[in-house]
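[1] I would like to see how this sequence folds:
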Amino acid sequence: MDPYARPSERRTGANRPKIQHVAPDAAQPPTRRERQAEKEAVAAERRAIKKSARQHLKQKLSSEVDDLP
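    Residues are numbered from 1 along each chain as shown. A predicted model of the protein is given here:
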């Protein structure tokens, strides 16, 4: 590395950034976008479970109220 090189010229030779010509492996960690999509999917599933539970409790309560004399 040349100590007098400009900042844009410092990463040359063996230290230069490598270009990947193949698709990334599945073993690599997920990207930020993939992690965010997974978090949103989990949150949506939890919302659906809560909504279903509320509807079920509402139906149960209304049936109990109807059974009262």
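
[2] run the chain-centre distance for the helix or strand harbouring residue 57.
    Residue 57 belongs to helix 32-67 when elements are defined using DSSP states H and E. A distance of 20 Å separates the C-alpha centroid of helix 32-67 from that of its chain, computed with C-alpha atoms, centre = their mean, to the nearest Å.

[3] and if you look at stretch 6-22?
    For stretch 6-22, the separation from the chain centroid amounts to 30 Å (computed by C-alpha atoms, centre = their mean).

[4] what's the end-to-end length of it?
    Terminal residues of stretch 6-22 are spaced 31 Å apart (C-alpha to C-alpha, to the nearest Å).

[5] what residues sit buried inside it?
    For stretch 6-22, a neighbour-count test (16 or more other C-beta atoms under 10 Å) marks nothing as buried. (Each C-beta comes from the backbone N, C-alpha and C, glycine too.)

[6] give the rounded mean pLDDT of that stretch.
    Mean pLDDT, stretch 6-22: 71.

[7] please apply the same query to stretch 29-43.
    92.

[8] hmm, back to that, now for the helix holding residue 57, which elements pack on it?
    Contact partners of helix 32-67 among helices and strands, from 3 or more C-beta pairs under 8 Å, 6 or more residues apart in numbering; DSSP states H and E: none.
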